[in-house]
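Colleague: just to be clear, the model below is a prediction. Sequence and coordinates:
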Amino acid sequence: MSATGKLKSALMASVMVLSTTVAFASEDKAAPAAAAPAAPVVTTEDVQSTDMNDPLEGGNRVMFEANQILDKVLLRPVAVVYRGVVPDFAQDGVRNFMNNLNSPVIFANDLLQGDTDRAGVTLARFGINSTIGLGGLFDVASEFDLPYHDEDFGQTLGTWGLGEGPFLYFLVMGPTNVRDLTGFVVDRGLDPLTYVNWGDDELEYAPIARTALNVIDLRARNIDTLDEIERSSVDYYASIRSLYRQSRADAIRNGAPSQDLPDFDFGDGSSSTSPNSQNPPAK
Amino acid sequence: MVQYISAARRGVLLAFVMLVSVVTASATVAGPDAEAFTQRLIDQGVQILRNTADPGRKVKFREFITQYADVRKTARFTLGNYARTAAPADVDTFVEAFKDYAVAIYETQLDKYKGESLKVVGSVDNKPGDYIVKTVVQGGSGSDAMRIDFRMSGGNGAYKFYDISVEGAWLGISQQEQFKSFLEQNRGSVPALTADLKARTQRILTGGK
């Protein structure tokens, strides 16, 4: 699954302390490389403006610090054990299973975005992986050139032109914004599993187990990534905020390049760029 | 007279068509050129890092980055408005510290992919002389690909890169936001940021927190 995809599913599962998996996904490399052909152009709320869109920064930073503590004492250690004890193939199985469970939500959002091609892919993946893939444990569909992609209602609202609203940071849930938080609630409504009556036997805890497993799996896949981001960040909170916002804008564009990247030249001749003065690297 | 105007119109039209062709031609030529350059750049960088037996590889990598990355441009961008308002000497010191910081980050990142293939898959002409070259890290299976893009400036077979994005998130943009936040909390002191950056670089190099 893609690094960006993981980020998105982190939101959907209402999980993850620091779910920003975007950058430098190391062992978590994954991601359908090809952008969808009809990717929407998002310019209104691309991240490149100097406005950080964070009027609640003070409160968000308090939450962020609390999350840091929670992560250090509980989530990261559990994730380290999970990564160390559970064999790789089993971890992949868990991830595939979770992705498959989320297919109805992805399918609904594909359709809400008017992307019938991707809706078809999601449907076909669900059919193949639920059967040949043994209930979703194996991602057989990828072998048939039907790669995984993620969608959620936050992205759908984005494609409809809705702005992200103020940046928010919550304990356990991690980074989000008003639009994505709304999307998260709607996605739960779109999820058929929300309406399943699990009864009061041992299955009663199935939804909690699903969320918990999602949290642990996602955190485990991003141990090195988040360590690296933290190590290299002058301001870790600002770094996570920036990466989250950029990653969400990228997800809404389905990976298409941003239309309004900032100009790095200030027009004062300070840059050392002199395009024709260098030799190309040796072949 | 009518014929004369008509001929003039044809002339204008022809000139316009020629102009469009020239513009179109230069746009289509620049992409593949930037792409080929970037692929050679990646291959060369990975080659330096792969040679772990070479004790001078870190020095070579630094020279390599210094030659092909427009670090000064990136550094000044990450300072935002402070690049113009701070004392020039402070900015120059910052740029030097940023160079070490950037080299450490690029090395850490590229080092991870030295065993895998990082292939150029296309490019976008952002504006004249400014390109986004798209690459994909290919892991074990086809679905295990990760997108890494390079922002390049230049032309005619000579380019420099000045920002890198992983899965659509640009490093330079993130750094600018971080530095802005840091400077706001430290009364706009660029020397304080430079000191922090130096400490940060050491942590990256040693793998500490």
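Modeller: Perfect, I can see it now.

Colleague: tell me how chain B divides into domains.
Modeller: Under the assignment automatic domain parsing, the domains of chain B span B:1-29, B:31-205.

Colleague: the longest one - what's its average pLDDT?
Modeller: Spelled out, it's domain B:31-205. The predicted model assigns domain B:31-205 a mean pLDDT of 89.

Colleague: which parts of chain B are helices?
Modeller: Secondary structure of chain B (DSSP state H): helices at B:2-50, B:57-68, B:71-79, B:82-85, B:88-112, B:171-185, B:190-206.

Colleague: out of those helices, which gets nearest to residue B:162?
Modeller: helix B:71-79 (4.9 Å; Cβ to Cβ). Every C-beta, even on glycine, is put in place using the N, C-alpha and C of the backbone.

Colleague: look up the closest residue to the residue of chain B found nearest chain A, ignoring the ones flanking it.
Modeller: Here the residue of chain B nearest chain A is residue B:168; by Cβ to the nearest Cβ that distance is 2.6 Å. Using Cβ to Cβ, 6 or more residues apart in numbering or on different chains and skipping residues adjacent in sequence, the residue nearest residue B:168 is residue A:250, 2.6 Å away.

Colleague: can I assume that neighbour is in contact with residue B:170?
Modeller: No: checked against Cβ atoms under 8 Å, the pair residue A:250 and residue B:170 is beyond contact range at 9.7 Å.

Colleague: what residues are up against residue A:141?
Modeller: Counting by Cβ atoms under 8 Å, 6 or more residues apart in numbering or on different chains, residue A:141 touches A:124-125, A:128-129, A:133, A:147-148.

Colleague: confirm residue A:175 sits in a helix?
Modeller: No: under DSSP: H, G, I helix; E, B strand; the rest coil, residue A:175 falls outside any helix and is assigned strand.

Colleague: look up how far chain B lies from it.
Modeller: In this view, residue A:175 and chain B are 12 Å apart by Cβ to the nearest Cβ, to the nearest Å.

Colleague: identify the bridge partners of that residue.
Modeller: residue A:169 (DSSP bridges).

Colleague: make sure it is actually in contact with residue A:244.
Modeller: Yes: when contacts are counted by Cβ under 8 Å, residue A:175 is listed as touching residue A:244 (4.0 Å).

Colleague: between those two, who's got more neighbours?
Modeller: residue A:175 (29 against 26; other Cβ atoms under 10 Å in any protein chain shown).

Colleague: look up how far residue B:95 lies from the more buried one.
Modeller: 31 Å (Cβ to Cβ, to the nearest Å).

Colleague: also residue A:118?
Modeller: 44 Å.

Colleague: count of neighbours near the residue in the stretch 101-250 of chain A positioned nearest to chain B?
Modeller: At 2.6 Å from chain B, residue A:250 is the closest residue in the stretch 101-250 of chain A, using Cβ to the nearest Cβ. Residues contacting residue A:250 under the criterion other Cβ under 10 Å number 27.

Colleague: ok, back up a step: comparing the helices of chain B, which comes out most buried?
Modeller: When the helices of chain B are scored by mean count of other Cβ atoms under 10 Å in any protein chain shown, the highest mean neighbour count falls to helix B:71-79 (a mean of 24).

Colleague: ok, residues contacting that one?
Modeller: By Cβ under 8 Å, 6+ apart, helix B:71-79 touches A:262, A:264-266, A:270-273, B:65, B:83, B:86, B:91, B:94-95, B:98-99, B:102, B:153, B:160, B:162-163, B:172, B:175-176, B:179, B:190.

Colleague: likewise stretch A:77-90?
Modeller: Taking Cβ under 8 Å, 6+ apart as the rule, stretch A:77-90 contacts A:91, A:94, A:216-217, A:219-221, A:223.

Colleague: name the nearest of those residues relative to residue A:199.
Modeller: Using Cβ to Cβ, these come closest to residue A:199 at residue A:94, 23.7 Å.

Colleague: now the closest one: which helix or strand?
Modeller: Counting by DSSP states H and E, the element that carries residue A:94 is helix A:88-101.

Colleague: go on, residue A:254?
Modeller: Using DSSP H and E, no helix or strand contains residue A:254.

Colleague: what about the helices in the stretch 151-283 of chain A?
Modeller: Assigned by DSSP state H, counting those that start in this stretch, the stretch 151-283 of chain A shows helices spanning A:153-159, A:178-190, A:206-221, A:223-232, A:236-252.

Colleague: can you redo the ones you listed as a markdown table with distance to residue A:113 and mean pLDDT?
Modeller: Shown next, in a markdown table, are these (distance: least, Cβ to Cβ, whole Å; pLDDT from 0 to 100):
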| stretch | distance to residue A:113 | mean pLDDT |
| --- | --- | --- |
| helix A:153-159 | 5 | 97 |
| helix A:178-190 | 12 | 96 |
| helix A:206-221 | 23 | 90 |
| helix A:223-232 | 28 | 92 |
| helix A:236-252 | 9 | 96 |
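
Colleague: winner for burial among those?
Modeller: For the helices of the stretch 151-283 of chain A, the highest mean count by mean count of other Cβ under 10 Å goes to helix A:236-252, at a mean of 26.

Colleague: got the angle for that one vs helix A:178-190?
Modeller: Orientation of helix A:236-252 against helix A:178-190 (axes from the mean of the first three to the mean of the last three Cα atoms, to 10 degrees) gives an angle of 60 degrees.
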